[in-house]
Every structure is written in structure tokens, then in C-alpha cells.
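Trainee: give me a 3D structure for the following:
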Amino acid sequence: MNTVAAKKWYVLYTKPRWEKKIDQRLQNKGIESWCPTQKVERQWSDRKKVIEDPLFKSYVFVHIAENEKLAVLQTEGVLNFIHHVGKPAVVRDEEVNLIKSYLLQKDVLINVQSASSFEAETKIKVTKGVFMNQTGTVLKNQGRKKVFVSLESIGQVMIVEFPAEYLEPFNENKKY
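Mentor: Below is the predicted model:
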């Protein structure tokens, strides 16, 4: 059996604020890992600084075969795999690629929260930009519109902010 074909994306639960350290440690072990980050401006008492902040707090993605799970779990700072229905959650390649494309989009702020904290509201379709033809749910918050894209396999929602003119109501009967 080809081990490349057997590799799947899993999500690790890490110690708080250890995401980037664990990503580096796993890579040093020869394990394919990914800690999605975005540039964020932070204010300290004496200065502002742009930092690379992990997108998913306490989560790191690994692309591994079944026989690599033990080596991953033995990495300092790794607490466990994220489980879904009693098994380690597998993230589809399409979901990983979608996150990567979101992170490449300029002038987009992404915030991530647990899917359980949102109720379904208005369905929309994105009409412009890298998110074109994606559908999501809109939440009105402090005068801004935010698109929520559910990553069901890990129970997370990406909140992507961009101009309201990029959105239109989603009609399931309309042919796009």
C-alpha cells in the first residue's frame, strides 16, 4: 500500500500558545504539519507590532499515515487528536485547501470560533474575490457583515470579513 495515498489530515489539540512550537517540532521529526497563521497587529504599552498569529487556537494540522500517530502523540506539547464521533477527526483535503486560499486573500480578516456558538441565519453566496461562488451564513455584528464557513469535521467556523457588496442572497433554486 502506498503510504502517500494513506496519509490523511488530522487535527491535534495542543497546549495553549504552543501551536508554532509544536509545528516546528513535528517538522523536525520529518512529520508533515501545518499551523495556519495570519498577520495581526498587536498593541503593547510602548509599541505596535505585526505578528504571525495561529488561526486556530491550540490546534495544529498533521498530514500523516496511521502508523505515524504514536510519534505525533509523543511530541512535547501535543495533548491529543481532536475526535469526532469517537475517532480522530479527519479533515478533507478540500477543507485544508480552502483555508489556505482564504489565508492568501489580501485585506481579509479571519476569526475562528466554535461552530456550536452560532445559529443559522441568512444564507449568502460570495460574488467576488477568492471566495467567489462560496456559500455561507451572514451574521450582522457591529455594522459589519461576516461570512461563516463551517469546517464540520473539526466543529469550527471560519469568520471571514470583507465588503458587503461581495455578497448576494443565496437562492437554492437559482442556477449559478
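Trainee: run through this structure and note the low-pLDDT ranges.
Mentor: Low-confidence segments of the chain, defined by pLDDT under 70: 1-5, 113-132, 137-155, 161-168, 173-176.
Trainee: where along it do the helices fall?
Mentor: 3-6, 19-28, 69-73, 93-104 (DSSP state H).
Trainee: for residue 74, give its distance to residue 25.
Mentor: For residue 74, the distance to residue 25 (CB to CB, to the nearest Å) stands at 10 Å. C-beta: built from backbone N, CA, C; applies to glycine.
Trainee: what does the domain assignment say about this protein?
Mentor: Following automatic domain parsing, one gets these domains for the chain: 3-91, 95-169.
Trainee: contact partners for residue 60?
Mentor: 11, 12, 14, 19, 22, 23, 26, 33, 34, 35, 78 (CB atoms under 8 Å, 6 or more residues apart in numbering).
Trainee: skipping its backbone neighbours, what lies nearest the fourth one in space?
Mentor: To tie it back to what came earlier, the one meant is residue 19. residue 54 (4.1 Å; CB to CB, 6 or more residues apart in numbering).
Trainee: wait, isn't that neighbour in contact with residue 20?
Mentor: Yes: here residue 54 lies in contact with residue 20, judged by CB atoms under 8 Å, at a distance of 6.6 Å.
Trainee: please identify which of these two sits among more neighbours.
Mentor: residue 54 (19 against 15; other CB atoms under 10 Å).
Trainee: what's the burial count for residue 157?
Mentor: 23.
Trainee: let me fix that: residue 99
Mentor: Applying other CB under 10 Å, we find 22 residues neighbouring residue 99.
Trainee: chain neighbours aside, what residue packs nearest to it?
Mentor: Nearest one to residue 99, counting by CB to CB, 6+ apart, is residue 36 at 5.7 Å.
Trainee: what's near enough to touch the one you found?
Mentor: With CB under 8 Å, 6+ apart, residue 36 has these contacts: 54, 55, 56, 61, 99, 100, 103.
Trainee: now, of these, which are buried?
Mentor: Burial by neighbour count, judged by 16 or more other CB atoms under 10 Å, picks out 54, 55, 56, 61, 99, 103 from these.
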